[in-house]
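In: my questions are about this predicted structure, shown below with the sequence.
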Amino acid sequence: MSPRLLRRAGSALRYLLLSLAAFLSVFPFFWMAIGATNTTADINKGKVSLGSALSANIASFVAAVDVPLILWNSVKIAVFGTALTLLVSSLAGYGFEMFRSKLRERIYAVVLLTLMVPFAALMIPLFMMMASSGLIDTHIAIILPSIASAFIIFYFRQASKAFPRELRDAAKIDGLREWQIFLFIYVPVMRSTYAAAFVIVFMMNWNNYLWPLIVLQSNETKTITLVVASLASAYYPDYGTVMIGTILATLPTLFVFFAMQRQFVQGMLGSVK
Amino acid sequence: MAMTGSGTRAGGLRRYYDVNGWLFVAPALLLIGTLMLYPIVSSLMLSVYSGRGMMMRFVGAGNLVRLYSDPVFWTALSNTIVFFVIQVPIMIVLALVMANALNDPRLRFSGLFRTAIFLPCITSLVAYSILFKSMFSVDGIVNRTMMAIGVMDQPISWLTDPFWAKVLVIIAITWRWTGYNMIFYLASLQNLDRSVDEAARIDGVPAWGRFFFLTVPMLKPVILFTTITSTIGTLQLFDEVYSLTEGTGGPSNATLTLSLYIYNLTFRFMPNFGYAATLSYVIVVLVALLSFLQFYAVRERR
């Protein structure tokens, strides 16, 4: 084979591989959308065309679940949790990077080490702590442990290395205080870093499962993820109804991702540099 | 840096610098201290107690002895290790290959491919587990398609056969996380200097040679980072197996992971916090050990 033909074949192979990967990645989303319009019997038979059961599925989902309340619970946890995480963790990432001292570097190392500790190891004492402070079945118990994220602190510290120090020095000469420099210079300059962190943290909070499963015990406090999981955990789940739930559980993250996709990619580029 | 210089000259400035440093990190440290470090330590202390619920007595190393003779623990441990040993390499290699394929400025539709391949990782673990469960049911779309194209002539019972249930878990995690890891590689590939690659191409080094001997070595730090985070993730595996198997880790414990066993010991069966805490330290030790090994493996070859 001539080199040119070889390169052609290589290029065709590349498109084939990527198309296959893209197809396999997107197919379950397609399956979810199609499934929402089909009856459970049709879903179990593997039907991949639009059906006519959409309104029946929606009706049975709405009958089983208090949709506005459950969605509000999820939104509340995801939005407040994400805002607090970004604030606290970016303050810490900035602080560790801009004001270095031997002691703080050691503490930072300990913070990074906590990344290695699996949640299962914290779960039991955390549950006992929450129980003794009467926070079981509250949303505060879900939000509190997620705020100081070692991973996000690390992410902000890495990204802060690209923050131009001249800006800080200039602002100091102009008489700005440290919190003003952070709020009015650092935050706007690093907005793509914040956007990428927002996407990641929002998804973590929205999709969180194990801890809410333990803490949220009454139907009034549960999140969409918990509700969908319990609908699907029947031995013969009513997939038509469940599909409506999975769509509701997926749409917000899909929306956040597409709304911030460009900043997200920029922010990721900055963090790996 | 300018601040450090002046800080050493004047004590007042140095103090100002230090006070501000602490102020910025204080809220995070307070939270990490009370909600991470304290639980970690108290979990260690719990692990020398045993008993039902709050009625606990000191047993010293008793939980370790029990662990040693607990067949369910060994099943959960070996399942977790199987998931880790098979799934992580497959995913890392797939992610690298795809990032490399996408990292060509002449490639058309690269944005579309990138978005499509990244899309799985925005789904909630629960939602995609449900989708996989319905796609892989005995009469489901996957079995039908594979039988239609002649890959097999008997439907596979993905959810009830111990071997295929494991395979299903691996397929599901790989689907969810490959795109996530790919983004890290792609981001660092695009920050790399392309001129070395160009030079090698002109010198006639074939694509696979450039991939193995130029790209992969240059990506070593990111590969290390993603391998360690994937290791931690796989060793903590919970959501997927919980929702694929209705919380049982079945069929016959074939997909029971350490985290799921800890959950069951704590919140499903009669709670035994002490024994569960001991188990959780098994994961801590495994993660520490494996992360250290991975660091070591990368250092060696430098």
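Out: That came in fine, so what should we check first? Keep in mind that this is a model prediction, so the values were computed, not measured.
In: from here on, contacts and neighbour counts on C-alpha atoms
Out: Fine.
In: can you list the weak-confidence ranges in the chain?
Out: Chain wasn't specified; assuming chain A. In the predicted model, chain A carries pLDDT under 70 at residues A:1-3, A:269-273.
In: hm, I was asking about chain B
Out: The model of chain B has pLDDT under 70 over residues B:1-11, B:52-55, B:299-302.
In: what's the domain layout of it?
Out: B:2-46, B:70-300 (automatic domain parsing).
In: what about the first one, distance to the chain center?
Out: Chain-centre distance of domain B:2-46: 29 Å, with C-alpha atoms, centre = their mean, to the nearest Å.
In: repeat that for the longest one.
Out: With C-alpha atoms, centre = their mean as the basis, domain B:70-300 stands 7 Å off its chain's centre.
In: what's the helix or strand for the most centrally placed residue in chain B?
Out: With the centre of chain B defined as its mean C-alpha position, the nearest residue by C-alpha atoms, centre = their mean is residue B:233, 2.2 Å away. According to DSSP states H and E, residue B:233 maps onto helix B:220-235.
In: and stretch A:182-199 with chain B, contact?
Out: No - counting by C-alpha under 8 Å from any C-alpha of the partner chain, chain B is not contacted by stretch A:182-199; separation bottoms out at 9.1 Å.
In: okay if I get the domains of chain B as TSV plus distance to chain A?
Out: Listed next are these as TSV, based on distance: least, C-alpha to the nearest C-alpha, whole Å:
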stretch	distance to chain A
domain B:2-46	4
domain B:70-300	4
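In: with just CA atoms, put the helix holding residue B:233 into PDB.
Out: Included here for helix B:220-235 are C-alpha records, laid out as PDB according to Å, rounded to 0.1, in the frame of the first residue of the first chain:
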ATOM      1  CA  LYS B 220       2.400  10.800  32.400                       C
ATOM      2  CA  PRO B 221       1.400  13.300  35.100                       C
ATOM      3  CA  VAL B 222      -2.200  13.500  33.900                       C
ATOM      4  CA  ILE B 223      -2.400   9.700  33.400                       C
ATOM      5  CA  LEU B 224      -1.200   9.300  37.000                       C
ATOM      6  CA  PHE B 225      -3.800  11.800  38.200                       C
ATOM      7  CA  THR B 226      -6.600  10.100  36.400                       C
ATOM      8  CA  THR B 227      -5.500   6.600  37.400                       C
ATOM      9  CA  ILE B 228      -5.400   7.500  41.000                       C
ATOM     10  CA  THR B 229      -8.800   9.200  41.000                       C
ATOM     11  CA  SER B 230     -10.200   6.200  39.100                       C
ATOM     12  CA  THR B 231      -8.700   3.900  41.600                       C
ATOM     13  CA  ILE B 232     -10.300   5.700  44.400                       C
ATOM     14  CA  GLY B 233     -13.600   5.800  42.600                       C
ATOM     15  CA  THR B 234     -13.600   2.100  41.700                       C
ATOM     16  CA  LEU B 235     -12.600   1.100  45.300                       C
END
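In: quick one, phi/psi of residue B:50?
Out: phi -150, psi 160 (degrees, to the nearest 10).
In: just the domains of chain B: most buried one?
Out: domain B:70-300 (a mean of 19; mean count of other C-alpha atoms under 10 Å in any protein chain shown).
In: hang on, the earlier thing: export the domains of chain B as TSV, with columns for distance to residue A:57.
Out: Output for the domains of chain B, formatted as TSV (distance: least, C-alpha to C-alpha, whole Å):
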stretch	distance to residue A:57
domain B:2-46	41
domain B:70-300	16
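In: any idea which element the one residue sitting closest to the centre of chain A lies in?
Out: Per C-alpha atoms, centre = their mean, the C-alpha nearest to the average position across chain A is that of residue A:203, at 1.4 Å. Residue A:203 belongs to helix A:191-207 when assigned by DSSP H and E.
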